[in-house]
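>>> my questions concern the predicted model and sequence given below.
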Amino acid sequence: MLLPPMAQVKGSGFTGIRSFLDERDPDARQRMRALLSADDAEILEEALAIGWYPIDTYVRVIAAIGPAIGLGSAEGARELGRSSADYDLSKIHRLFLRLANPAYVLEKAGEYWGRFYDVGEWRVTRESPQRAVGELRGFPVPDAAYCEFLVGYIGRMFELVGAKNVRFTHPRCRLHGAEACVFVGEWR
């Protein structure tokens, strides 16, 4: 019997986490190693940006960010998400994307998902000129901290492309029995 392939994430996620920890607090990586299994800590420390690594490890690492930097798991994950968006959207991308509606940016981010994850799919619906709903389907590891990471990342992405009064929420989650993780963005 063939086993299904393990869901994977691009190593750039781990390299970004290392940079975030190093910038935030020089001792945070040491605290992270104490919070993680030996295997997870090894992947965090040795992952290459171009490699592919287990998604479940990535999710566990994100959940440990908050405790490693002195915050709750959700707060740390949101902060990491915001920082990751700052890093990922270079000044050139921001300038170009300011010409677009945040819903368009969310749609494009959904299209790029496959460059960083080998599972999961985004479905984005524009409900009005200032509101979009994104559904993440097929992500194999539902996790509260990971969802908060996405709230931080996408909310900050909207801000970086010029949206004002951004409100980004996560009203439905697979952790609580929903069919998909649903995220709602509203802005001016």
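Nice, thanks for sending it over. Just so it is clear, the model here is predicted, and its values are computed rather than measured. Numbering: from 1, shown residues only.

>>> now do the helices in the chain.
Counting by DSSP state H, the chain has helices at residues 12-24, 28-35, 38-46, 55-69, 73-88, 91-97, 102-116, 144-160.

>>> for E135, find the nearest of these.
E135 lies closest to helix 102-116 among the helices of the chain, at 9.4 Å (C-beta to C-beta). Placement of C-beta: from N, CA and C, glycine included.

>>> and the closest one, what's buried?
102-103, 105-107, 109-110, 113 (16 or more other C-beta atoms under 10 Å).

>>> so what's R167 closest to, chain neighbours aside?
Nearest non-adjacent residue to R167, counting by C-beta to C-beta, 6 or more residues apart in numbering: E186, 4.6 Å away.

>>> so in terms of bridging, what pairs with the one you found?
R131, R167 (DSSP bridges).

>>> what sits against it?
Shown in contact with E186 (C-beta atoms under 8 Å, 6 or more residues apart in numbering): 130-131, 166-168.

>>> where does the protein have low pLDDT?
Applying pLDDT under 70 to the chain flags the ranges 1-5, 91-100.

>>> domain assignment for it?
The chain is divided into the following domains under automatic domain parsing: 8-73, 88-186.

>>> adding distance to G81 as columns, could you present those in JSON lines?
Below are the domains of the chain laid out as JSON lines (distance: least, C-beta to C-beta, whole Å):
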{"stretch": "domain 8-73", "distance to G81": "9"}
{"stretch": "domain 88-186", "distance to G81": "3"}
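
>>> next one: the residue nearest the centre of the chain relative to D25, how far apart?
Nearest residue to the geometric centre of the chain (C-alpha atoms, centre = their mean): L150, 4.1 Å. According to C-beta to C-beta, to the nearest Å, L150 stands 23 Å off from D25.

>>> same thing with T15?
17 Å.

>>> comparing the two, which residue is more hemmed in?
Per other C-beta atoms under 10 Å, whichever of T15 and D25 has more neighbours is T15, with 17 against 14.

>>> my guess is the more buried one contacts E45. True?
No: taking contacts as C-beta atoms under 8 Å, T15 lies outside contact range of E45: 10.5 Å.

>>> so V141 sits against T57, correct?
No: assessed by C-beta under 8 Å, V141 is found out of contact with T57, at 9.6 Å.

>>> so these two - more neighbours on which side?
More crowded of V141 and T57, by other C-beta under 10 Å: T57, with 23 against 17.
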